[in-house]
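Engineer: Quick one: sequence plus predicted model below, questions after.
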There are 2 protein chains.
Amino acid sequence: MSRSVRPAEPVENRLLAALPAAEYERLRPHLEQISFALAEVVYESGGHLDYVYFPTTAIVSLLYTMEDGATAEMGLVGNEGIVGIALFMGGNTMPNRAIVQSAGGAIRMKAKALQNEFALGSQFQHLLLRYTQALITQISQTAVCNRLHSVEQQLCRWLLLSHDRVKADELIMTQEMIADMLGVRREGVTVAAGRLQDAGAISYVRGRIKILDRQKLEALACECYRVVKDEFDRLLG
Amino acid sequence: MSRSVRPAEPVENRLLAALPAAEYERLRPHLEQISFALAEVVYESGGHLDYVYFPTTAIVSLLYTMEDGATAEMGLVGNEGIVGIALFMGGNTMPNRAIVQSAGGAIRMKAKALQNEFALGSQFQHLLLRYTQALITQISQTAVCNRLHSVEQQLCRWLLLSHDRVKADELIMTQEMIADMLGVRREGVTVAAGRLQDAGAISYVRGRIKILDRQKLEALACECYRVVKDEFDRLLG
DNA sequence: AATCGTCTGTGCGCTAGAACACATATGATG
DNA sequence: CATCATATGTGTTCTAGCGCACAGACGATT
């Protein structure tokens, strides 16, 4: 992490941007702009959190690691959300890790300041709770998708969710990392990605994936992507 | 559903039981005892909810149904929880169904009364939020488990979670229903259950499953069961 | 330009679980 | 007790995805 600056408006995080001016001004002294490097660990399973993070251009992946080292993703957080929901949900920690899946900026806020503002029952509270509900939908859909859909469909879903959360059409991400997120083998990603490339939906070289045809990707994805997207739009749109 | 009576103490739902006396007394006029039949639908995907439900002896399953009719469970709610979190999270509806997986009693409460009490920022609010965090862990673990573990391991997890939420050692539940919950084929459940029966962990006949050896079941389950259990104990214990 | 670490492509055998097709058992009901 | 719907057992074939073993291919560094 680096650079600690009070953020200037317009705020690039959608939760913060949605706040009434008065509330935002109250929070502003507690906000600091930081930047996350690729693969940086935001929090460990069960680990204490001093800050919550509102990603701006970064994307953070919520990952679970099994005892045998196998991993699988439960959700993604970009500039529509917040990392560290346990701090206002009351549990303080969660049994998973959060790692930076796409390098970029975020705004951090001291846990105490978050909790104080949350306790006021203001618009901030309502926003965080609605976001959490949307996140629950994302996690649920991941559960269902893991059970019922092919690696290729899931890769499409994952690319689309990531694409929605990053500005550019290029994602910096090796197949190895994607495999960890999806909880599948790297080779499985290679063949699925190969098919998507043949279809003209994406192109990639050594950790740089370009989204070429978003429509095609949506057509190849399972319904899970749209369910999650619609629910985020409904709750936070 | 039937019988509408004001519940006498001691309250059989752990969330309600954990409330300070003053708060419980304030809620009490809004509580009604009801009973749920097996397979009754508590709410439909996207459907409006007039009440929230605090199961006492009933168990409710949170299910997602795909467009093609395939189903998979995302979570279970028994007497440790509440059905209808969307009503206090602010979204009002959720994109899944809730169906009664084990017939029994519940206490219901008008949505408006719930929301009023929740808005006070009282102990009730904290309790509901901590419960919701525990539920998130359960859903996440389901996602991971769906990806990484065998049907047999998942069946063990599911039997244990159900057993924790019901008093008796007997579960009324056909293999067909279990298959829908786990998102697998009925035949898959038959063989997995057959192995558990051979191992002496359970016995069953036509929709009546008896838990014979809980220890053995825990040994055969994946770590997912324990993670969820520990997290519920930590947050609500 | 040569080297070397890191990605990506591909093939092969193996297994869990799906899809399908029935056979059998159980218990409620007449 | 006879019937019949429902639940369960079992076998066969098929496929997605795993595990493993390498063979390129790229690109940074010297």
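Structural biologist: Okay, I see it. Bear in mind the structure is a predicted one, so any value in this text is a computation, not a measurement.

Engineer: quick one, strands of chain A?
Structural biologist: A:31-36, A:41-43, A:51-55, A:59-65, A:71-77, A:97-102, A:104-110, A:170-172, A:202-205, A:208-211 (DSSP state E).

Engineer: Identify whichever of the ones you listed lies nearest to DNA strand C.
Structural biologist: When the strands of chain A are compared by C-beta to the nearest atom of the strand, strand A:202-205 sits nearest DNA strand C, at 5.6 Å. C-beta here means a position set from N, CA and C on the backbone, and glycine is covered the same way.

Engineer: who does that closest one touch, helix- and strand-wise?
Structural biologist: For strand A:202-205, the contact count by 3 or more C-beta pairs under 8 Å, 6 or more residues apart in numbering or on different chains; DSSP states H and E identifies helix A:186-198, strand A:208-211 as packing neighbours.

Engineer: try 6 Å
Structural biologist: Counting by 3 or more C-beta pairs under 6 Å, 6 or more residues apart in numbering or on different chains; DSSP states H and E, the packing neighbours recorded for strand A:202-205 are strand A:208-211.

Engineer: Run through who's touching the strand it packs on.
Structural biologist: A:163, A:169, A:170, A:171, A:173, A:202, A:203 (C-beta atoms under 6 Å, 6 or more residues apart in numbering or on different chains).

Engineer: is any part of it close to DNA strand D?
Structural biologist: No. For strand A:208-211, no contact with DNA strand D is found by C-beta under 7 Å from any atom of the strand; the gap never falls below 7.8 Å.

Engineer: which parts of that strand are buried?
Structural biologist: By neighbour count with 16 or more other C-beta atoms under 10 Å in any protein chain shown, strand A:208-211 contains the buried residues A:209, A:211.

Engineer: Give me the distance from that strand to the chain's centre.
Structural biologist: Counting by C-alpha atoms, centre = their mean, to the nearest Å, strand A:208-211 is centred 18 Å from the centre of its parent chain.

Engineer: mind exporting it as CSV, just the C-alpha atoms?
Structural biologist: The C-alpha coordinates for strand A:208-211 follow below in CSV (Å, rounded to 0.1, in the frame of the first residue of the first chain):
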residue,chain,number,x,y,z
ARG,A,208,-3.4,-10.2,-20.1
ILE,A,209,-6.9,-11.0,-21.0
LYS,A,210,-8.8,-8.7,-23.4
ILE,A,211,-12.6,-8.7,-23.5
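
Engineer: check contacts around the residue positioned nearest the centre of chain A.
Structural biologist: For chain A, residue A:77 is the residue whose C-alpha lies nearest the centre (C-alpha atoms, centre = their mean; 1.7 Å). By C-beta under 6 Å, 6+ apart, residue A:77 lies in contact with A:60, A:83.

Engineer: quick revisit: quick one, which of the contacts of strand A:208-211 are buried?
Structural biologist: Listed as buried from these are A:163, A:171, A:173, A:202; burial here means 16+ other C-beta under 10 Å.

Engineer: count of neighbours near the residue of chain A found nearest chain B?
Structural biologist: Nearest residue of chain A to chain B (C-beta to the nearest C-beta) works out as residue A:143 at 3.6 Å. Neighbourhood size, residue A:143 [other C-beta atoms under 10 Å in any protein chain shown]: 28.
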